[in-house]
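>>> Dropping a prediction and its sequence here:
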Amino acid sequence: MRAVVYDAVGARPGIRDVPRPECPADGAIVRVEATGVCRSDWHAWRGHDPVALPHVPGHEFAGVVAATGPLVRDFAVGARVTAPFVNGCGRCEWCAAGDAQVCPDQTQPGFTHAGSFAEYVVVRAADLNLVALPDGVDAVTAASLGCRFATAFRAVTAHARVRAGDEVVVFGCGGLGLSAVMVAVALGARVTAVDLSDAALERARALGASVTIRSGDASGEVRAATGGGAHVSIDALGSAATADAAVRSLRRRGRHVQVGLMLGAAASAPLPWDRVIAWELEVYGSHGMAAADYGPLLELVASGRLDPSLLVGSVVDLDGAIDALVGMDGPQPAGIVVARP
(Lines give C-alpha, C1' and ligand atoms only; values in the text may rest on other atoms or scores of the structure.)
Protein backbone atom coordinates (compact mmCIF):
# COMPACT_ATOMS: atom_id res chain seq x y z
CA MET A 1 0.00 0.00 0.00
CA ARG A 2 1.05 3.64 -0.45
CA ALA A 3 2.04 5.49 2.71
CA VAL A 4 3.88 8.59 3.88
CA VAL A 5 7.12 7.54 5.60
CA TYR A 6 10.02 9.36 7.24
CA ASP A 7 13.30 7.70 8.20
CA ALA A 8 14.82 10.26 10.57
CA VAL A 9 13.68 13.04 12.87
CA GLY A 10 13.06 16.15 10.79
CA ALA A 11 13.83 14.44 7.47
CA ARG A 12 11.32 15.23 4.75
CA PRO A 13 8.89 12.31 4.43
CA GLY A 14 8.25 10.58 1.15
CA ILE A 15 5.60 8.31 -0.33
CA ARG A 16 6.54 4.67 -0.76
CA ASP A 17 5.01 1.20 -0.94
CA VAL A 18 4.91 -0.56 2.43
CA PRO A 19 3.24 -3.77 3.60
CA ARG A 20 -0.41 -3.52 4.54
CA PRO A 21 -0.79 -3.91 8.34
CA GLU A 22 -1.71 -7.30 9.75
CA CYS A 23 -5.04 -7.61 11.52
CA PRO A 24 -4.86 -8.54 15.24
CA ALA A 25 -7.34 -11.09 16.59
CA ASP A 26 -9.21 -8.33 18.46
CA GLY A 27 -8.57 -5.61 15.87
CA ALA A 28 -9.66 -4.22 12.54
CA ILE A 29 -8.04 -2.90 9.39
CA VAL A 30 -9.59 0.37 8.21
CA ARG A 31 -9.31 1.55 4.61
CA VAL A 32 -8.54 5.23 5.09
CA GLU A 33 -10.82 7.65 3.25
CA ALA A 34 -9.60 10.82 4.96
CA THR A 35 -6.95 11.73 7.52
CA GLY A 36 -6.21 15.00 9.29
CA VAL A 37 -2.77 16.61 9.46
CA CYS A 38 -2.32 17.56 13.11
CA ARG A 39 0.32 19.44 15.07
CA SER A 40 0.79 16.29 17.15
CA ASP A 41 2.08 14.61 13.97
CA TRP A 42 4.55 17.50 13.64
CA HIS A 43 5.71 17.03 17.25
CA ALA A 44 6.53 13.37 16.50
CA TRP A 45 8.26 14.24 13.21
CA ARG A 46 10.37 16.84 15.04
CA GLY A 47 11.32 14.36 17.78
CA HIS A 48 9.39 16.03 20.60
CA ASP A 49 7.30 12.87 20.97
CA PRO A 50 9.62 9.97 20.10
CA VAL A 51 8.44 7.27 17.68
CA ALA A 52 10.12 4.21 16.20
CA LEU A 53 11.75 4.89 12.83
CA PRO A 54 11.00 4.56 9.96
CA HIS A 55 7.54 5.82 10.72
CA VAL A 56 4.13 6.41 9.12
CA PRO A 57 2.38 9.37 10.82
CA GLY A 58 -1.33 10.11 11.11
CA HIS A 59 -3.89 9.62 13.87
CA GLU A 60 -7.06 11.47 12.80
CA PHE A 61 -8.89 9.31 10.30
CA ALA A 62 -12.16 7.98 8.98
CA GLY A 63 -12.80 5.16 6.59
CA VAL A 64 -14.34 1.76 5.98
CA VAL A 65 -13.60 -1.49 7.80
CA ALA A 66 -11.68 -3.71 5.40
CA ALA A 67 -10.98 -6.68 7.72
CA THR A 68 -11.70 -7.79 11.28
CA GLY A 69 -10.10 -10.28 13.62
CA PRO A 70 -12.00 -13.33 14.90
CA LEU A 71 -12.63 -11.76 18.32
CA VAL A 72 -14.39 -8.66 16.94
CA ARG A 73 -18.17 -8.79 17.46
CA ASP A 74 -19.53 -5.25 17.01
CA PHE A 75 -18.12 -4.23 13.61
CA ALA A 76 -18.18 -5.91 10.22
CA VAL A 77 -16.42 -5.37 6.92
CA GLY A 78 -17.96 -2.38 5.15
CA ALA A 79 -18.83 -0.40 8.29
CA ARG A 80 -18.07 3.34 8.12
CA VAL A 81 -15.97 4.24 11.15
CA THR A 82 -13.63 6.61 12.88
CA ALA A 83 -11.62 6.19 16.08
CA PRO A 84 -10.14 8.38 18.81
CA PHE A 85 -6.40 8.94 18.71
CA VAL A 86 -6.04 7.09 22.04
CA ASN A 87 -6.99 3.43 21.74
CA GLY A 88 -7.53 1.65 25.05
CA CYS A 89 -6.35 -1.90 25.67
CA GLY A 90 -9.86 -3.07 26.61
CA ARG A 91 -8.62 -5.07 29.60
CA CYS A 92 -7.65 -2.63 32.37
CA GLU A 93 -9.77 -0.96 35.06
CA TRP A 94 -9.68 2.41 33.25
CA CYS A 95 -11.07 0.91 30.03
CA ALA A 96 -13.73 -0.92 32.04
CA ALA A 97 -14.73 2.40 33.61
CA GLY A 98 -15.05 4.09 30.21
CA ASP A 99 -11.81 6.06 30.55
CA ALA A 100 -9.84 4.55 27.69
CA GLN A 101 -8.23 7.96 27.05
CA VAL A 102 -6.00 7.40 30.11
CA CYS A 103 -5.40 3.66 29.58
CA PRO A 104 -1.85 2.83 30.76
CA ASP A 105 -1.50 0.27 27.94
CA GLN A 106 -2.99 2.48 25.24
CA THR A 107 -1.98 2.37 21.60
CA GLN A 108 -2.04 5.34 19.25
CA PRO A 109 -1.98 4.99 15.46
CA GLY A 110 0.70 7.30 14.18
CA PHE A 111 2.71 7.06 17.41
CA THR A 112 2.92 3.57 18.89
CA HIS A 113 2.54 2.02 15.43
CA ALA A 114 2.05 3.01 11.81
CA GLY A 115 -0.59 5.67 11.32
CA SER A 116 -3.19 6.83 8.84
CA PHE A 117 -1.12 8.72 6.25
CA ALA A 118 -1.63 5.56 4.26
CA GLU A 119 -4.23 3.52 2.43
CA TYR A 120 -4.86 1.32 5.47
CA VAL A 121 -4.43 1.61 9.25
CA VAL A 122 -4.89 -0.91 12.05
CA VAL A 123 -7.06 -0.33 15.13
CA ARG A 124 -6.49 -2.66 18.06
CA ALA A 125 -9.25 -3.67 20.53
CA ALA A 126 -11.67 -2.68 17.78
CA ASP A 127 -14.90 -3.26 19.71
CA LEU A 128 -13.73 -0.73 22.32
CA ASN A 129 -12.09 1.82 20.02
CA LEU A 130 -14.01 2.01 16.75
CA VAL A 131 -16.86 4.51 16.41
CA ALA A 132 -19.66 3.93 13.91
CA LEU A 133 -20.39 6.99 11.77
CA PRO A 134 -23.92 8.26 11.15
CA ASP A 135 -24.94 8.42 7.49
CA GLY A 136 -24.95 12.23 7.55
CA VAL A 137 -21.31 12.56 8.63
CA ASP A 138 -18.89 12.33 5.69
CA ALA A 139 -15.30 11.06 5.89
CA VAL A 140 -13.62 14.47 5.73
CA THR A 141 -15.77 15.81 8.58
CA ALA A 142 -15.23 12.65 10.61
CA ALA A 143 -11.46 12.82 10.13
CA SER A 144 -11.48 16.31 11.61
CA LEU A 145 -13.03 14.91 14.81
CA GLY A 146 -10.42 12.35 15.77
CA CYS A 147 -7.95 14.41 17.79
CA ARG A 148 -8.55 18.14 17.81
CA PHE A 149 -12.33 18.38 17.76
CA ALA A 150 -13.03 15.44 20.08
CA THR A 151 -10.34 16.66 22.49
CA ALA A 152 -11.82 20.16 22.46
CA PHE A 153 -15.36 18.82 22.92
CA ARG A 154 -14.45 16.83 26.00
CA ALA A 155 -12.33 19.68 27.42
CA VAL A 156 -15.19 22.17 27.04
CA THR A 157 -18.03 19.90 28.17
CA ALA A 158 -16.55 17.47 30.72
CA HIS A 159 -13.76 19.48 32.35
CA ALA A 160 -14.64 23.13 31.81
CA ARG A 161 -18.37 22.43 32.23
CA VAL A 162 -19.21 25.41 30.04
CA ARG A 163 -22.74 26.76 30.38
CA ALA A 164 -24.73 29.39 28.54
CA GLY A 165 -23.54 32.85 29.53
CA ASP A 166 -20.06 31.78 30.65
CA GLU A 167 -17.06 33.89 29.67
CA VAL A 168 -14.57 31.56 27.94
CA VAL A 169 -11.09 32.48 26.70
CA VAL A 170 -9.19 30.28 24.25
CA PHE A 171 -5.43 30.78 23.84
CA GLY A 172 -4.19 29.50 20.47
CA CYS A 173 -6.50 29.35 17.44
CA GLY A 174 -5.14 26.46 15.46
CA GLY A 175 -7.37 23.46 14.78
CA LEU A 176 -7.71 22.58 18.47
CA GLY A 177 -8.41 26.13 19.60
CA LEU A 178 -10.90 26.83 16.81
CA SER A 179 -12.68 23.60 17.74
CA ALA A 180 -12.93 24.83 21.33
CA VAL A 181 -14.29 28.17 20.11
CA MET A 182 -16.97 26.44 18.03
CA VAL A 183 -18.06 24.09 20.84
CA ALA A 184 -18.17 26.83 23.47
CA VAL A 185 -20.20 29.13 21.20
CA ALA A 186 -22.64 26.28 20.47
CA LEU A 187 -23.17 25.91 24.23
CA GLY A 188 -24.06 29.58 24.55
CA ALA A 189 -20.78 30.93 25.96
CA ARG A 190 -19.26 34.31 25.12
CA VAL A 191 -15.81 33.51 23.73
CA THR A 192 -12.62 35.56 23.66
CA ALA A 193 -9.97 34.19 21.27
CA VAL A 194 -6.26 34.95 21.64
CA ASP A 195 -3.61 34.36 18.98
CA LEU A 196 -0.74 36.07 17.17
CA SER A 197 -2.15 35.34 13.71
CA ASP A 198 -4.62 37.74 12.14
CA ALA A 199 -5.91 34.94 9.89
CA ALA A 200 -6.53 32.64 12.87
CA LEU A 201 -8.37 35.41 14.72
CA GLU A 202 -10.47 36.16 11.66
CA ARG A 203 -11.44 32.46 11.53
CA ALA A 204 -12.29 32.56 15.25
CA ARG A 205 -14.59 35.55 14.67
CA ALA A 206 -16.28 33.73 11.81
CA LEU A 207 -16.93 30.81 14.18
CA GLY A 208 -18.59 33.07 16.74
CA ALA A 209 -15.87 34.51 18.97
CA SER A 210 -17.16 37.79 20.43
CA VAL A 211 -13.71 39.25 21.18
CA THR A 212 -10.34 38.59 19.53
CA ILE A 213 -6.99 39.67 20.95
CA ARG A 214 -3.74 39.62 18.98
CA SER A 215 -1.22 38.90 21.71
CA GLY A 216 0.77 36.10 23.29
CA ASP A 217 0.31 37.22 26.90
CA ALA A 218 -3.12 38.81 27.05
CA SER A 219 -4.25 38.12 30.60
CA GLY A 220 -4.85 41.79 31.41
CA GLU A 221 -6.75 42.38 28.17
CA VAL A 222 -8.84 39.27 28.76
CA ARG A 223 -9.81 40.34 32.28
CA ALA A 224 -10.87 43.73 30.88
CA ALA A 225 -12.86 42.14 28.04
CA THR A 226 -14.63 39.66 30.32
CA GLY A 227 -15.65 41.95 33.16
CA GLY A 228 -13.01 40.84 35.63
CA GLY A 229 -11.86 37.51 34.24
CA ALA A 230 -13.09 34.45 32.39
CA HIS A 231 -15.05 31.64 33.98
CA VAL A 232 -13.07 29.22 31.81
CA SER A 233 -9.64 29.41 30.19
CA ILE A 234 -8.34 26.92 27.64
CA ASP A 235 -4.72 26.76 26.50
CA ALA A 236 -4.96 25.12 23.10
CA LEU A 237 -1.39 25.95 22.08
CA GLY A 238 0.72 24.43 24.82
CA SER A 239 3.54 26.67 26.06
CA ALA A 240 4.75 27.99 29.38
CA ALA A 241 3.67 31.50 28.42
CA THR A 242 0.16 30.65 27.22
CA ALA A 243 -0.57 28.30 30.14
CA ASP A 244 0.47 30.99 32.63
CA ALA A 245 -1.48 33.73 30.83
CA ALA A 246 -4.57 31.52 30.59
CA VAL A 247 -4.60 30.88 34.34
CA ARG A 248 -4.06 34.58 35.06
CA SER A 249 -7.03 35.39 32.81
CA LEU A 250 -9.48 33.67 35.14
CA ARG A 251 -11.82 35.21 37.66
CA ARG A 252 -12.08 33.76 41.16
CA ARG A 253 -13.35 30.16 41.22
CA GLY A 254 -12.52 29.87 37.51
CA ARG A 255 -11.58 26.71 35.63
CA HIS A 256 -8.48 26.21 33.47
CA VAL A 257 -8.15 23.31 31.02
CA GLN A 258 -4.77 22.48 29.51
CA VAL A 259 -5.29 20.77 26.17
CA GLY A 260 -2.27 22.01 24.19
CA LEU A 261 0.60 19.55 24.58
CA MET A 262 3.31 20.65 27.04
CA LEU A 263 6.47 19.07 25.67
CA GLY A 264 10.19 19.58 26.19
CA ALA A 265 10.99 22.32 28.72
CA ALA A 266 7.29 23.23 28.91
CA ALA A 267 6.52 19.85 30.47
CA SER A 268 7.64 21.19 33.85
CA ALA A 269 6.56 24.80 33.38
CA PRO A 270 5.35 26.58 36.53
CA LEU A 271 1.87 28.00 37.08
CA PRO A 272 0.88 30.86 39.43
CA TRP A 273 -0.02 28.51 42.26
CA ASP A 274 -0.47 31.35 44.73
CA ARG A 275 -3.43 32.53 42.67
CA VAL A 276 -4.68 28.99 42.08
CA ILE A 277 -4.90 28.48 45.83
CA ALA A 278 -6.12 31.91 46.94
CA TRP A 279 -8.76 32.16 44.20
CA GLU A 280 -9.74 28.48 44.40
CA LEU A 281 -9.09 27.90 40.72
CA GLU A 282 -9.57 24.49 39.13
CA VAL A 283 -6.82 23.19 36.83
CA TYR A 284 -7.43 20.21 34.54
CA GLY A 285 -5.48 18.30 31.96
CA SER A 286 -7.45 16.85 29.06
CA HIS A 287 -6.22 14.01 26.85
CA GLY A 288 -8.58 13.16 24.03
CA MET A 289 -11.94 11.42 24.37
CA ALA A 290 -12.81 7.75 24.61
CA ALA A 291 -14.84 6.11 21.84
CA ALA A 292 -17.62 5.45 24.35
CA ASP A 293 -18.17 9.22 24.71
CA TYR A 294 -18.59 10.04 21.00
CA GLY A 295 -22.39 9.66 21.00
CA PRO A 296 -23.36 13.19 22.15
CA LEU A 297 -20.74 14.75 19.85
CA LEU A 298 -21.94 12.86 16.78
CA GLU A 299 -25.56 13.70 17.60
CA LEU A 300 -24.71 17.42 17.60
CA VAL A 301 -22.79 17.06 14.33
CA ALA A 302 -25.54 15.03 12.63
CA SER A 303 -28.17 17.55 13.79
CA GLY A 304 -26.18 20.48 12.41
CA ARG A 305 -25.67 22.22 15.75
CA LEU A 306 -21.95 21.61 15.31
CA ASP A 307 -20.31 21.69 11.88
CA PRO A 308 -16.65 20.64 12.10
CA SER A 309 -16.37 20.86 8.32
CA LEU A 310 -16.20 24.65 8.78
CA LEU A 311 -12.76 24.11 10.33
CA VAL A 312 -11.37 22.34 7.26
CA GLY A 313 -9.14 24.74 5.38
CA SER A 314 -8.07 22.44 2.55
CA VAL A 315 -8.40 18.86 1.30
CA VAL A 316 -5.22 17.46 -0.26
CA ASP A 317 -3.62 14.19 -1.35
CA LEU A 318 -0.74 12.42 0.41
CA ASP A 319 1.82 14.68 -1.26
CA GLY A 320 -0.13 17.60 0.13
CA ALA A 321 -0.10 15.99 3.57
CA ILE A 322 3.70 15.98 3.44
CA ASP A 323 3.76 19.66 2.50
CA ALA A 324 1.31 20.48 5.31
CA LEU A 325 3.34 18.53 7.89
CA VAL A 326 6.66 20.10 6.93
CA GLY A 327 4.99 23.49 6.68
CA MET A 328 4.18 23.41 10.38
CA ASP A 329 7.73 24.63 10.97
CA GLY A 330 6.39 28.07 10.05
CA PRO A 331 3.21 30.15 10.35
CA GLN A 332 0.09 28.19 9.59
CA PRO A 333 -2.89 29.02 7.41
CA ALA A 334 -6.15 29.02 9.33
CA GLY A 335 -8.07 25.75 9.22
CA ILE A 336 -7.44 22.03 9.33
CA VAL A 337 -5.72 20.21 6.46
CA VAL A 338 -7.32 16.86 5.59
CA ALA A 339 -5.72 14.38 3.20
CA ARG A 340 -7.45 11.76 1.08
CA PRO A 341 -5.07 8.85 0.31
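Sure, I can see it. Numbers count the residues shown, from 1 in each chain.

>>> Do I have it right that E280 meets R253?
Yes: contact between E280 and R253 holds when scored by C-beta atoms under 8 Å: they sit 5.4 Å apart. In short, each C-beta sits where N, CA and C put it, glycine included.

>>> if you go through the stretch 51-200 of the chain in chain order, where are the strands?
When assigned using DSSP state E, counting those that start in this stretch, the strands of the stretch 51-200 of the chain occupy the ranges 60-68, 80-82, 120-123, 131-132, 167-171, 190-195.

>>> for F117, what are its contacts?
Shown in contact with F117 (C-beta atoms under 8 Å, 6 or more residues apart in numbering): 3-4, 13, 35, 41, 56-58, 110, 318, 321, 339, 341.

>>> can you tell me which of these are in helices?
If you go by DSSP state H, the contacts of F117 have 41, 318, 321 in helices.

>>> Which one (most neighbours) among those?
Most neighbours among these, by other C-beta atoms under 10 Å: D41, with 29 neighbours.

>>> Give me the nearest residue to that residue, chain neighbours excluded.
Once flanking residues are discounted, D41 sits nearest to P57: 4.4 Å by C-beta to C-beta, 6 or more residues apart in numbering.

>>> List the contacts of the one you found.
Neighbours of P57 in contact, by C-beta under 8 Å, 6+ apart: 4, 6, 13, 41, 44-45, 110, 115, 117, 325.

>>> As TSV, those residues with distance to G98 would be great.
Shown next, in TSV, are the contacts of P57 (distance: C-beta to C-beta, whole Å):
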residue	distance to G98
V4	33
Y6	35
P13	36
D41	27
A44	27
W45	32
G110	23
G115	25
F117	30
L325	33
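
>>> Buried members of those residues into PyMOL, please.
The buried subset of those, as determined by 16 or more other C-beta atoms under 10 Å, is captured in PyMOL by this line:
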select buried, resi 4+6+13+41+44+45+110+115+117+325
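
>>> which one of the contacts of P57 sits closest to G227?
D41 (38.7 Å; C-beta to C-beta).

>>> do you know how far that closest one is from S116?
Distance, D41 to S116, by C-beta to C-beta, to the nearest Å: 10 Å.
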